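Student: Below is the sequence, then the predicted model.
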Amino acid sequence: MIKNQKDFFAGLMFMAFGAFFCLYAIKSYPIGTAAHMGPGYFPMLLGGFLFILGLLISLKGLLFKSSDPDHGKFGCFDWKNFLIILGSVTCFSILLRPAGLIPATAVMIFLSSFAGQKFHLLQTLILCAILCLVVWLVFVLGLGLTVPIWPAFIG
């Protein structure tokens, strides 16, 4: 009998992702050894750890009740917020090349903020500014990705 549905199914999800990435790495890349790691070694290791973590979380869901008042049961699925988030990520992927990284990120953050309980324009604009700066620092300066930052007509 499942005592905590949220933990049990979250663990199954972790196990599925871990197994997929572990098996994909094993099948697609040379693994190598711990002394001479191949390109598939690290993804295989992370997939294995994710699988083990999922197994532990699922076992916890089977053995222990939740401390939540709803006893770890699922509620109704919030389709509205799901579609808002999915739509914002889709807009990001569509806008990335023509509009650039910074505008696409700002649009994604702005649209996804409508999934919250309340919409606050000032907080959303501040969050957009901070996250656009972080995205630029990490992906453009830190990792050196060659994506357009602004639309081509801006330069």
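Tutor: On my side now, so go ahead.

Student: and the spatially most central residue of the chain, which of the three is it?
Tutor: The residue lying closest to the centre of the chain (CA atoms, centre = their mean) is Val89, at 11.0 Å. Look at Val89: counting by DSSP: H, G, I helix; E, B strand; the rest coil, its state is helix.

Student: Tell me, how many residues neighbour Arg97?
Tutor: 13 (other CB atoms under 10 Å). (C-beta placed from N, C-alpha, C; glycine too.)

Student: what's the spacing between it and Ala104?
Tutor: 9 Å (CB to CB, to the nearest Å).

Student: what about this structure, any weak spots by pLDDT?
Tutor: 68-75, 155 (pLDDT under 70).

Student: Run through the helices of it in chain order.
Tutor: 5-28, 41-63, 79-99, 101-112, 121-135 (DSSP state H).

Student: in the longest one, what's buried?
Tutor: When you say that, I think you mean helix 5-28. For helix 5-28, burial by neighbour count (16 or more other CB atoms under 10 Å) applies to 6-11, 14-15, 18, 21-22, 25-26.

Student: again with stretch 114-121
Tutor: Those would be Ala115, for stretch 114-121 by 16+ other CB under 10 Å.

Student: That stretch: how far from the chain's middle?
Tutor: Offset of stretch 114-121 from its chain centre (CA atoms, centre = their mean, to the nearest Å): 20 Å.

Student: same deal with stretch 107-126?
Tutor: That offset, for stretch 107-126, works out to 18 Å (CA atoms, centre = their mean).

Student: for stretch 105-122, same thing?
Tutor: With CA atoms, centre = their mean, you get 17 Å for stretch 105-122.

Student: now swap in stretch 100-117 and tell me
Tutor: Distance, stretch centre to chain centre, for stretch 100-117: 15 Å (CA atoms, centre = their mean).

Student: how about that stretch: buried residues?
Tutor: In stretch 100-117, counting by 16+ other CB under 10 Å, buried: 100-113, 115.

Student: between those, which is closest to Ser67?
Tutor: Ala115 (26.5 Å; CB to CB).

Student: how close does the closest one sit to Leu121?
Tutor: Ala115 sits at a distance of 15 Å from Leu121 (criterion: CB to CB).

Student: go on, Ile84?
Tutor: In terms of CB to CB, Ile84 sits 16 Å off from Leu121.

Student: residues touching Gly48, list them.
Tutor: 18, 22 (CB atoms under 8 Å, 6 or more residues apart in numbering).
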